[in-house]
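Visitor: Sequence first, predicted model second:
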Amino acid sequence: MRNNRINLRLLCALSLILLASNGLRAMTKYQLEKTFGITEKQKTKADNNLEILLKTKSCKGCYLRGAIVPDGTELEGANLIAATIENSNLKSANFKEINAQSIYFFKSNLEGADLENAHLINSNLEGVKAEGANFEKANLYKSNLKGANFKGASFENANLDWTNLTDTNLTDTKLKGVTLKMAIVTGTIFKGAKGMTDEEVINSGAVLFKNTVLPSGKKYSG
């Protein structure tokens with residue numbers, strides 16, 4: 001009887017281990033396909049398109065979701081019009097003067113990337129991580145920058161007219177010469193920004209709301 005009880009306990013333990021193992025495999029698949037939103041087939045497609053882009057500097061409308069670009073990759077002047085580069089690692093890449101109207105950079109890593117004079121009209125940069133990136137003279141007209149982190153980035157002489165700056169972090173950015181006409185500014189943090197005073201932000205033509213933090217650190221009072 002005792003031996004039967006021991007065998008039963010061992011059987012139960014083995015069953016639990018098997019269930020846990022299957023659950024772990026299922027969770028891994030869930031993380032890849034649900035959390036990161038990409039399947040193995042999609043990843044292969046992105047990798048193939050990335051190879052084409054690196055060779056030709058042209059990938060108009062292509063799919064690069066989840067692509068990992070080596071740090072410092074040289075893509076100056078590339079054609080990326082309407083490309084999808086969601087959840088991708090583009091850290092320190094050279095995107096100077098890229099033609100990327102309507103590009104989809106959603107939640108990608110652009111930390112330290114150089115986008116000087118980039119053509120980014122009507123693009124989606126929602127949730128991007130772009131600390132220390134260079135957007136000098138970039139044209140972001142009518143682009144979505146909601147929830148993006150641009151801490152320490154430079155937007156000198158950039159066009160941010162009609163952009164969505166909801167909950168955007170512009171702490172310690174360089175804003176000399178930037179335009180903000182009709183930009184939606186709510187929950188936006190300008191604290192420590194250089195090149196624009198509180199008054200200049202208020203009088204920039206942007207649509208400001210009271211939860212905006214001005215360059216001095218004061219909250220906009222309306």
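Guide: The structure has been received and is ready for your questions. In this text the structure is predicted, and so the values were computed from the model without any measurement.

Visitor: in the protein, which helix or strand is least confident?
Guide: Here the helix or strand of the chain ranked lowest by mean pLDDT, DSSP states H and E is helix 2-30, holding a mean of 43.

Visitor: Give me the next element, helix or strand, following that one.
Guide: Using DSSP states H and E, the helix or strand that directly follows helix 2-30 along the chain is helix 40-56.

Visitor: any residues touching the following helix or strand past that next one, and which ones?
Guide: Next along the chain after helix 40-56, taking DSSP H and E as the criterion, comes strand 184-185. Residues outside strand 184-185 that contact it (Cβ atoms under 8 Å, 6 or more residues apart in numbering): 163, 164, 165, 166, 201, 206, 207, 208, 209, 212. Bear in mind the C-beta positions are built from the backbone N, C-alpha and C, glycine included.

Visitor: Now with 10 Å, please.
Guide: Strand 184-185 has contacts (Cβ atoms under 10 Å, 6 or more residues apart in numbering) with 144-146, 160, 162-166, 168, 170, 201-202, 204, 206-209, 211-212, 220.

Visitor: Just the pLDDT at the most centrally placed residue in the chain, thanks.
Guide: Nearest to the geometric centre of the chain sits residue 128, at 1.8 Å (Cα atoms, centre = their mean). The model reports residue 128 with a pLDDT of 97.

Visitor: and the residue nearest to it when sequence neighbours are not counted, what does it touch?
Guide: Sequence neighbours aside, residue 148 is the residue nearest to residue 128 in space, at 4.7 Å (criterion: Cβ to Cβ, 6 or more residues apart in numbering). By Cβ under 10 Å, 6+ apart, the contact list for residue 148 reads 105-107, 110, 125-130, 133, 164-170.

Visitor: try 7 Å
Guide: 125, 126, 127, 128, 130, 168 (Cβ atoms under 7 Å, 6 or more residues apart in numbering).

Visitor: again, but for residue 172
Guide: Contacts of residue 172 by Cβ under 7 Å, 6+ apart are 151, 152, 192, 193.

Visitor: can I assume the last one is in contact with residue 176?
Guide: Pointing back at residue 193 there. No: between residue 193 and residue 176 there is no contact under Cβ atoms under 7 Å: 9.6 Å.

Visitor: Can you pick out the residue with more neighbours from these two?
Guide: Neighbour count, other Cβ atoms under 10 Å: between residue 193 and residue 176, residue 193 has more, with 24 against 15.

Visitor: Please report how far the closest residue to that one other than its chain neighbours lies from residue 121.
Guide: Nearest residue to residue 193, sequence neighbours excluded (Cβ to Cβ, 6+ apart): residue 215, at 4.4 Å. In this structure, residue 215 and residue 121 are 26 Å apart, going by Cβ to Cβ, to the nearest Å.

Visitor: between these two, which one's more packed in?
Guide: Comparing residue 215 with residue 121 by other Cβ under 10 Å, the one with more neighbours is residue 215, at 23 against 18.

Visitor: and residue 221, how many residues sit next to it?
Guide: Using other Cβ under 10 Å, residue 221 has 8 neighbouring residues.

Visitor: That one is in contact with residue 210, isn't it?
Guide: Yes: counting by Cβ under 7 Å, residue 221 touches residue 210, with 6.5 Å between them.

Visitor: of the contacts of residue 172, buried ones?
Guide: Neighbour-count burial (16 or more other Cβ atoms under 10 Å) is assigned, among those, to 151, 152, 193.
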